[in-house]
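> coords please:
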Amino acid sequence: MRIPPYYQYPSWQRFFAGAAIGALISWFVFLYMFGVLQEKQVRHVNELNEQIADLQNEIRIWQEDYIHYNKEMKKKLTVQDVSVHLANAEQYKLDSYTTFRIEDSVKEDLSHLITKDIETVYNSRELIERAIENKTYTVHEKTYRLELHTLTIFTLLAVEVKLTPLP
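Numbers count the residues shown, from 1 in each chain. I've put the predicted structure just below:
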């Protein structure tokens, strides 16, 4: 089998030459367009990388400020409420009204501590103890003094006291 001699006809020679030149021109056009598009993509990726770096830096700054602010706020927590509990009211057979009066009296003595920061309340805990223990109460013609059993200091100042009879 033999290949037909197309190379001898000038019309076929022009066709093949045109196809070869067209292929070269289209290849150069493709390379130019691909290069331009890739350059745009590279610029876009670089811009996005810069934005990512800026945002990560911003996040790091915000996190540092947030951590610092939380540390400061922990230092400045304040007492929101005072809770008093009379532990041994049943032992002295006190009714609920008398128990309430004693607890309310102690709560009233400690009410000035509300809205004070916890550090200040902690530093004045001995003064609080003395204020509670130096007050006397008369119940059914007997005199009692309170003894501080438990003092818990946080946003809720929890005080547990016990009655002790005076001699």
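
> next SSE downstream of the longest helix seen in the chain?
Scanning the chain for the longest helix, with DSSP state H as the assignment, gives helix 10-75. Later in the chain than helix 10-75, the nearest helix or strand by DSSP states H and E is strand 81-86.

> would you confirm that Lys93 belongs to a helix?
No. Under DSSP: H, G, I helix; E, B strand; the rest coil, Lys93 falls outside any helix and is assigned coil.

> roughly how far does it sit from Arg101?
To Arg101, Lys93 is 15 Å away according to Cβ to Cβ, to the nearest Å. For the C-beta atoms, the positions are set from N, CA and C on the backbone; glycine is no exception.

> now do Ala20
112 Å.

> the more surrounded of those two?
The neighbour count for Ala20 versus Arg101, taken as other Cβ atoms under 10 Å, is higher for Arg101 (14 against 10).

> partner residues bridging the nearest residue to Glu103 once chain neighbours are set aside?
With sequence-adjacent residues excluded and distances taken as Cβ to Cβ, 6 or more residues apart in numbering, Glu103 is closest to Val84, at 4.4 Å. For Val84, the beta-bridge partners are Val159 (DSSP bridges).

> what is the neighbour count of Val84?
21.

> one more: the one 10 residues further on?
Leu94: 19 surrounding residues under other Cβ under 10 Å.

> do the one 4 residues further on as well
Burial of Thr98, expressed as a neighbour count using other Cβ under 10 Å, amounts to 16.

> pLDDT wise, what is it at?
For Thr98, the model assigns a pLDDT of 91.

> distance from the host helix or strand of it to the middle of the chain?
Following DSSP H and E, one finds Thr98 within helix 96-109. Computed by Cα atoms, centre = their mean, to the nearest Å, the chain-centroid distance of helix 96-109 equals 38 Å.

> what's that helix packed up against?
strand 81-86, helix 125-133, strand 136-139, strand 156-165 (3 or more Cβ pairs under 8 Å, 6 or more residues apart in numbering; DSSP states H and E).

> now the first one: buried residues?
Read that as strand 81-86. Neighbour counts over strand 81-86 (16 or more other Cβ atoms under 10 Å) mark Val82, Val84, Leu86 as buried.

> just the C-alpha atoms of stretch 48-60, please, in CSV.
Included here for stretch 48-60 are C-alpha records, laid out as CSV according to Å, rounded to 0.1, in the frame of the first residue of the first chain:
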residue,chain,number,x,y,z
LEU,A,48,-5.7,37.0,49.5
ASN,A,49,-2.5,35.8,51.3
GLU,A,50,-1.9,39.4,52.4
GLN,A,51,-5.5,39.7,53.6
ILE,A,52,-5.2,36.4,55.5
ALA,A,53,-1.9,37.5,57.1
ASP,A,54,-3.6,40.8,58.2
LEU,A,55,-6.6,39.1,59.6
GLN,A,56,-4.5,36.5,61.5
ASN,A,57,-2.5,39.4,63.0
GLU,A,58,-5.8,41.1,63.9
ILE,A,59,-7.1,37.9,65.5
ARG,A,60,-3.9,37.5,67.5
